[in-house]
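Asker: Next one to model:
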Amino acid sequence: MAVKKACESFSKSLMDEVQRWGCMKQTGVSLRYMMDFGSRPTQRNFIISAQFLHKELPIRIARRATELESLPYGLSEKPAVLKVRDWYLDSFRDLRTFPDIKDAKDEKDFTQMIKAIKVRHNNVVPMMALGVQQLKKEKILHDGLDEIHQFLDRFYLSRIGIRMLIGQHVELHNPNPPPHCVGYIDTKTSPMEVAQNATEDARSICLREYGSAPNVTIYGDPDFTFPYVPTHLHTMVFELVKNSLRAVQERFMDSDKVAPPVRIIVADGIEDVTIKVSDEGGGIPRSGLPKIFTYLYSTASNPLDEHSDLSDADAVTMAGYGYGLPISRLYAMYFGGDLQMISMEGYGTDAYLHLSRLGDSQEPLP
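Answerer: Numbering: from 1, shown residues only. Here you go, the predicted model:
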């Protein structure tokens, strides 16, 4: 199976270059820097930003491509993982063959190219999940989980950063940005409003899946706002609420008691904005808690199988390949926050989502 190495479809010189770039130092940026820089969308700034990405993206992509080549337990040989690796190598090649950016026209062409790279990588998460799934079937994973888990943490954290940098640059070109928005960053993100929207989304999925959905009550200051990326925040809150709804729904499904509501509390501190999602869905046994942030654990049945069509992999299911929580935690960590779960088995679970308010923390670069 190991016959089809990358060198067959990619030249040796390209592979050598990937090795070389993968050893270069990455440069992290902070939310605040992205905000300050993007708030002056001049042609000159667009060019500076494009020049930075022209050098930074190949380094980050090369690191991941190199790692994809050398995964333990034959994971690198799985068809799904080979596909992901090819996407990374194609993107590296596109970036490296693009000439230096000197003027507005170069910048415009470059922006179109990185936009296409972002689309090419849309299905990386379900595709990697499929690869790990293929490995899981072989049941050889009992002791190597840590290694694979750490790789996936680095891999997905890096992916969040790459997509943020590309998305931010592309979005700055939007001629009609929404009010208060600098690229992807909303300088006046309302956590209450995001929680409201995420809750509606999660409840409609729960309704579709179970025919009913517990209520959700949200507490906090509706006027409070802070700079953040609303799509990231929505992803995290949606995931937590969806898990809570599912737990409560399944616990009270056949009971004559009314299902207790899920409670969301938004607190704004000086350093952190904390969002707590609390449910009475029966909790998680203590032995299961360490597993909830690994990529190979889901209490729900797995929607991915060999034959699933990945083109509609973005169709959200109520519970899935067990990636929601670990990836939400990476989103939180990306801008200096964290996600913690505290559970009382037999009662319920509290999730604490900490978001750094200062926006000064550098991207964590795996």
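Asker: how near is the nearest residue to C181 once chain neighbours are set aside to M34?
Answerer: Excluding the flanking residues, the one nearest C181 by CB to CB, 6 or more residues apart in numbering is T187, at 7.3 Å. The way it works is simple: take the backbone N, C-alpha and C, and place the C-beta from them, glycine included. Distance of T187 to M34, given as CB to CB, to the nearest Å: 11 Å.
Asker: who's more crowded, the two?
Answerer: When T187 and M34 are compared for neighbours, M34 comes out ahead with 25 against 15, by other CB atoms under 10 Å.
Asker: Could you report the pLDDT at the more buried one?
Answerer: M34 is assigned 90 on the pLDDT scale.
Asker: ok, it - contacts?
Answerer: Q168, V182, G183, I185 (CB atoms under 8 Å, 6 or more residues apart in numbering).
Asker: Tell me which of these fall in helices.
Answerer: Q168 (DSSP state H).
Asker: Tabulate the contacts of M34 (a markdown table), appending distance to D100.
Answerer: Below are the contacts of M34 laid out as a markdown table (distance: CB to CB, whole Å):
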| residue | distance to D100 |
| --- | --- |
| Q168 | 21 |
| V182 | 27 |
| G183 | 24 |
| I185 | 28 |
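Asker: Out of the contacts of M34, flag the one nearest to S13.
Answerer: Proximity of the contacts of M34 to S13 (CB to CB) peaks at Q168, which lies at 31.6 Å.
Asker: Number of residues surrounding that closest one?
Answerer: Residues near Q168, counting by other CB under 10 Å, number 21.
Asker: ok, now R60?
Answerer: Neighbours of R60 under the rule other CB under 10 Å: 24.
Asker: ditto for I117
Answerer: 20.
Asker: which one is it nearest to, not counting chain neighbours?
Answerer: S91 (4.6 Å).
Asker: Kindly report the same for V29.
Answerer: E363 (6.1 Å).
Asker: isn't the one you found right next to G28, touching?
Answerer: Yes - counting by CB atoms under 8 Å, G28 is a contact partner of E363 at 4.0 Å.
Asker: who touches both of those two?
Answerer: Common neighbours of E363 and G28 are listed as G161 (criterion: CB under 8 Å, 6+ apart).
Asker: quick one: which of those two has more around it?
Answerer: The neighbour count for E363 versus G28, taken as other CB under 10 Å, is higher for E363 (23 against 12).
Asker: Now do the same contact list for the more buried one.
Answerer: So E363 contacts G28, V29, S30, G161, M164, Y334, F335 (CB under 8 Å, 6+ apart).
Asker: For ChimeraX, what selects the buried ones among these?
Answerer: Only the buried members of those enter the following ChimeraX selection, criterion being 16 or more other CB atoms under 10 Å:
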select :29,30,161,164,334,335
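Asker: Taking the contacts of M34, tell me the two that lie furthest apart.
Answerer: Longest span within the contacts of M34, CB to CB: Q168 and V182, 8.4 Å.
Asker: can you list residues touching both of these two?
Answerer: Common contacts of Q168 and V182 (CB under 8 Å, 6+ apart): M34, G38.
Asker: Where do the strands of this protein begin and end?
Answerer: With strands called from DSSP state E, the chain shows them at 181-182, 185-189, 216-219, 226-228, 262-268, 272-279, 338-344, 348-356.
Asker: Tell me which of the ones you listed sits nearest to P285.
Answerer: Across the strands of the chain, closest to P285 is strand 338-344 (CB to CB), at 8.0 Å.
Asker: K276: which of the contacts of E363 is nearest?
Answerer: Set against K276, the nearest of the contacts of E363 by CB to CB is F335 (18.5 Å).
Asker: For H354, see how far away the closest residue to the closest one other than its chain neighbours is.
Answerer: Of all residues not flanking F335 in the chain, L31 sits nearest, at 5.1 Å (CB to CB, 6+ apart). L31 sits at a distance of 15 Å from H354 (criterion: CB to CB).
Asker: Between these two, which has more neighbouring residues?
Answerer: More neighbours surround L31 than the other of L31 and H354, with 23 against 20 (other CB under 10 Å).
Asker: Look up the pLDDT of the residue of the chain positioned farthest from its centre for me, please.
Answerer: Most distant from the centre of the chain: D256, at 38.5 Å, with distances by CA atoms, centre = their mean. Note for D256: predicted pLDDT of 89.
Asker: related to what we said a few turns ago, for the residue nearest to F335, give me its contacts.
Answerer: The contact partners of L31, taken as CB under 8 Å, 6+ apart, are I185, P227, Y228, V229, F335, G359, D360, S361.
Asker: Test my guess that the fourth one contacts I185.
Answerer: Meaning V229. Yes - counting by CB under 8 Å, V229 touches I185, with 5.6 Å between them.
Asker: Contact partners for G283?
Answerer: G283 sits next to S343, M344, E345, G346, Y347, G348, T349 when contact means CB under 8 Å, 6+ apart.
Asker: Show me where the stretch 101-250 of the chain dips below the pLDDT cut-off.
Answerer: Flagging of the stretch 101-250 of the chain using pLDDT under 70 yields the residue ranges 139-144.
Asker: Quick one: the helices in the chain, in order.
Answerer: Going by DSSP H, the chain shows helices at 6-9, 12-22, 31-38, 43-69, 79-97, 104-120, 124-137, 145-171, 191-210, 230-252, 324-334.
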